[in-house]
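Engineer: This is a predicted model, with the sequence first.
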Amino acid sequence: MGTLDKYKVELKNMLTDTAEYKYQLDNQFFLDLDAPEVQKGQVNVTLKVRKTSGVYQLNFHTEGKVVVICDRCLDEMEQTIESDDRLKVKLGEEYDETDDLVIVPEEDGYINVAWFVYEFIALSIPMKHVHAPGKCNKDMVSKLSKHLRVSGDEEEDDFEGSDELEEQPQPIDPRWNELKKILDNN
């Protein structure tokens, strides 16, 4: 992680109780981390560190654009992200990470925030990555729409314009009505 040394935040030797760091992440940052979720992007990160009674509050504000794969057509697409995240850090004997607290060795006196920044970025990406209507790869969409047809004579909505297939109401089996009568009697 030698290329990620600029993301080390000095805690032990902080001169004041607050500090602010600004990072401009580009494609090289994501390549250096070699993480699977995000490979490209342009993201600005503002980190504010505040020391209060032995605990360091790290507040991250992240905003920018990352490149992800469209779930529908498998082409790259830009996804806008913005998030505010918090991390509590404490100095201790050895490195330890729990849900809400990170302990870094006091002898080191710093924390490298590169991986935490990446995780905050990855968590701010919506689960569904889909181009805006009409922007997907037309060849792939036409191939997908062929495979989504239930039968040759049924007409479906244009795949590109619908985010989800509409469900048709199914008739209820009359045997369920008889079973409901049993439940109503109890």
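Structural biologist: Alright, I've got the coordinates.
Engineer: can you map out the strands along the protein?
Structural biologist: Ranges of strands within the chain are 8-10, 18-25, 40-52, 55-69, 76-92, 96-97, 102-105, 110-112, based on DSSP state E.
Engineer: What's the per-residue pLDDT of the spatially closest residue to Ala122 that is not a sequence neighbour here?
Structural biologist: In this structure, Ala122 finds its nearest non-sequential neighbour in Glu37, 4.5 Å apart by Cβ to Cβ, 6 or more residues apart in numbering. Quick note: C-beta positions are derived from backbone N, CA and C, even for glycine. Looking at Glu37, its pLDDT stands at 83.
Engineer: Count the neighbours of Glu37 for me.
Structural biologist: Neighbourhood size, Glu37 [other Cβ atoms under 10 Å]: 14.
Engineer: just so I know, which of the strands of the chain lies nearest Gln170?
Structural biologist: Closest to Gln170 of the strands of the chain, according to Cβ to Cβ: strand 55-69, at 34.4 Å.
Engineer: average pLDDT across that closest one?
Structural biologist: Averaged over strand 55-69, pLDDT sits at 93.
Engineer: Counting by contacts, list what that strand packs against.
Structural biologist: Packing partners of strand 55-69 (3 or more Cβ pairs under 8 Å, 6 or more residues apart in numbering; DSSP states H and E): strand 40-52, strand 76-92, helix 114-124.
Engineer: now what about stretch 110-126, what contacts it?
Structural biologist: By Cβ atoms under 8 Å, 6 or more residues apart in numbering, the residues outside stretch 110-126 that reach it are 1, 4-5, 7-12, 23, 25, 29-30, 32-33, 35, 37-38, 41, 43, 45, 47, 58, 60, 62, 66, 68, 79, 81-83, 85, 87, 89, 102, 104.
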